[in-house]
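Asker: With the input below, show me the fold.
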Amino acid sequence: MGNVKVLGVISARLNSSRLPAKQLLPLAGETMVGRLFQRLEKITLVDQWVLATTADDYNVPLVEWATAAQKSVFAYLGDVSDLVGRIDAIYRQYRPEFIVYVCGDSPLVEIDTMSGMIQLLQSSPEAEIVDYRPLPGRSQFIQGGFNVWKSAMWERIATGSHTADEREHVGYVTRRFPPAERVAYFEDDPLYSTLWHRTSIDTLSDYKFMQTIYQRWYANHPTEEVVPLRWVIELLKQEPELMEINRHVHQRGAGEPVLRVGFAISNRENCQLAIDCARSLQDYHAISVVMLGGGECNKAHEEWNLLPHQELHREMTLQKIHENEPFKLLVTDEENSSMTGVKMVQLQKLMQEDIQGVDWQRECAKWLMSQSEEEDSRSL
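Answerer: Next up, the predicted model:
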């Protein structure tokens, strides 16, 4: 497809288990994926950017967004969890010399760093991948969510990724590759290693943090300017309390099991408590929560609609939802309710527990997890 020397691929799907449709959520008046394109298209070394999604019905709105915004988009027909296969299908179309991969939930990737890494790899004949040069006493850089490879390295990744985790997590297979003789080390600005904080969006807490950052920047800057990561670091040093919005969020690792907890709420007065407890499970334990029913909750609470949720009706009962995709635990505010094959916890029992103080959400998550573990021990 033309003369594409450097290909950029942005992975994005709307099926997030903790924050559905997050790429289409607004950041200061523009979608998150739109803000990401706004940043990345300033990298003049990249010849073509392609949004990589999947061809299932759930991601049609993302394809429609890209078409309307005149962005190149590829909808993969294969396994929705096979991210390596999705990227490789695009790579095979373009056959670039270099490939830049960007995770679609990282709207603060630093374009100067990415440009520098591309230039370094282009000028390093023996290298196939670029990484940060380690700094004495500093082990982490605040930015992440992207990789830069030569085509030879990508082909090793694509052909060497066999397990489900290796196919889903791009580059995970490189842990089995021989160490580093093919790495070019990039000397990034030391400022980016002076502070570490989450800059990806996985949960509602992450989104609220990013909303705050974007709103603060665009309150005093024109919309065509991107949010500089350098400015973000200085802001967080001046106002460290901003980091408390999502400092506690647990990053789910490759191979980590995904547990599913449902919240079936019928009383409007219990909606906020259910939302807070669901968010605590997401943040502290990377649990996949589903808010169930809640017609009144939908109307009264915006956060209910941002969390994974599903309406209940005659054809889609709690029992049927559980049979299709089992819950580890089901929290309900209906007394004396029961359901086959799942441990149920009364929300009223949670309210009776001695869970108090500023860290009550962590304690709420801890208590709910203990109920799940108690059920596991009974089944041994």
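
Asker: In three-state terms, label residue 147 for me.
Answerer: Judged by DSSP: H, G, I helix; E, B strand; the rest coil, the three-state class of residue 147 is strand.

Asker: Can you tell me who it pairs with across the strands?
Answerer: According to DSSP bridges, the partner residues bridging residue 147 are residue 101.

Asker: From what I see, it and residue 174 are in contact.
Answerer: No - if you go by CB atoms under 8 Å, residue 147 and residue 174 don't touch, sitting 9.4 Å apart. The C-beta positions use only the backbone N, C-alpha and C, and glycine is treated the same way.

Asker: Now for the two: what residues contact both?
Answerer: residue 129 (CB atoms under 8 Å, 6 or more residues apart in numbering).

Asker: who has more neighbours, these two?
Answerer: More neighbours surround residue 147 than the other of residue 147 and residue 174, with 22 against 18 (other CB atoms under 10 Å).

Asker: Could you check how far the more buried one is from residue 270?
Answerer: Per CB to CB, to the nearest Å, residue 147 is found 44 Å from residue 270.

Asker: residues in contact with the residue lying closest to residue 48 once chain neighbours are set aside?
Answerer: Leaving aside its sequence neighbours, residue 48 sits nearest to residue 4 (CB to CB, 6 or more residues apart in numbering; 4.8 Å). Contact analysis of residue 4 by CB under 8 Å, 6+ apart lists 47-48, 94-96.

Asker: Using JSON lines, lay out these together with neighbour count and distance to residue 10.
Answerer: What follows is the contacts of residue 4, written out as JSON lines (neighbours: other CB atoms under 10 Å; distance: CB to CB, whole Å):
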{"residue": "47", "neighbour count": "15", "distance to residue 10": "14"}
{"residue": "48", "neighbour count": "17", "distance to residue 10": "11"}
{"residue": "94", "neighbour count": "19", "distance to residue 10": "14"}
{"residue": "95", "neighbour count": "10", "distance to residue 10": "19"}
{"residue": "96", "neighbour count": "24", "distance to residue 10": "15"}
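
Asker: just curious, which of those is nearest to residue 299?
Answerer: Relative to residue 299, the closest of the contacts of residue 4 is residue 48; by CB to CB it sits at 44.1 Å.

Asker: That closest one and residue 5 touch, don't they?
Answerer: No - under the criterion of CB under 8 Å, residue 48 makes no contact with residue 5, lying 9.4 Å away.

Asker: what number of residues lie near residue 313?
Answerer: Residues lying near residue 313 (other CB under 10 Å) number 8.

Asker: Give the bridge partners for it, please.
Answerer: Residue 313 has these beta-bridge partners by DSSP bridges: residue 316.

Asker: how near is it to residue 344?
Answerer: Distance, residue 313 to residue 344, using CB to CB: 20 Å.

Asker: swap in residue 291?
Answerer: Per CB to CB, residue 291 is found 16 Å from residue 344.

Asker: Specify which residue of those two has the higher count of neighbours.
Answerer: The neighbour comparison of residue 291 against residue 344 (other CB under 10 Å) goes to residue 291, with 25 against 18.

Asker: Spatially central residue in the protein, please.
Answerer: Centroid-nearest residue in the chain: residue 202, 3.5 Å away (criterion: CA atoms, centre = their mean).

Asker: Give me the nearest residue to that residue, chain neighbours excluded.
Answerer: residue 18 is the one closest to residue 202 (CB to CB, 6+ apart), at 5.6 Å.

Asker: Next: residue 322.
Answerer: Nearest non-adjacent residue to residue 322 (CB to CB, 6+ apart): residue 342, at 5.6 Å.

Asker: mind listing what that neighbour touches?
Answerer: The neighbourhood of residue 342, defined by CB under 8 Å, 6+ apart, consists of 322, 326-330.

Asker: hmm, 10 Å instead?
Answerer: Residues in contact with residue 342 (CB atoms under 10 Å, 6 or more residues apart in numbering) are 260-262, 318-319, 322-323, 326-330, 375.

Asker: and it, how far is that from residue 369?
Answerer: Taking CB to CB, one finds residue 342 at 15 Å from residue 369.

Asker: Ok, residue 80 next?
Answerer: Applying CB to CB, the value for residue 80 to residue 369 is 28 Å.

Asker: quick one: average pLDDT of the strand or helix carrying residue 289?
Answerer: Using DSSP states H and E, residue 289 falls within strand 288-293. Strand 288-293 comes out with an average pLDDT of 90.

Asker: Then stretch 159-172?
Answerer: Averaging pLDDT along stretch 159-172 yields 94.

Asker: tell me which residues in it are buried?
Answerer: By neighbour count on 16 or more other CB atoms under 10 Å, the buried set for stretch 159-172 is 161, 166-172.

Asker: go on, stretch 63-81?
Answerer: 63, 65-66, 71-76, 80-81.

Asker: want to try JSON lines for those residues, with pLDDT, secondary structure and distance to residue 23 as columns?
Answerer: Below are the buried residues of stretch 63-81 laid out as JSON lines (pLDDT from 0 to 100; DSSP: H, G, I helix; E, B strand; the rest coil; distance: CB to CB, whole Å):
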{"residue": "63", "pLDDT": "98", "secondary structure": "helix", "distance to residue 23": "12"}
{"residue": "65", "pLDDT": "98", "secondary structure": "helix", "distance to residue 23": "8"}
{"residue": "66", "pLDDT": "98", "secondary structure": "helix", "distance to residue 23": "10"}
{"residue": "71", "pLDDT": "98", "secondary structure": "coil", "distance to residue 23": "12"}
{"residue": "72", "pLDDT": "98", "secondary structure": "strand", "distance to residue 23": "15"}
{"residue": "73", "pLDDT": "98", "secondary structure": "strand", "distance to residue 23": "12"}
{"residue": "74", "pLDDT": "98", "secondary structure": "strand", "distance to residue 23": "15"}
{"residue": "75", "pLDDT": "98", "secondary structure": "strand", "distance to residue 23": "14"}
{"residue": "76", "pLDDT": "98", "secondary structure": "strand", "distance to residue 23": "16"}
{"residue": "80", "pLDDT": "95", "secondary structure": "coil", "distance to residue 23": "15"}
{"residue": "81", "pLDDT": "94", "secondary structure": "coil", "distance to residue 23": "17"}
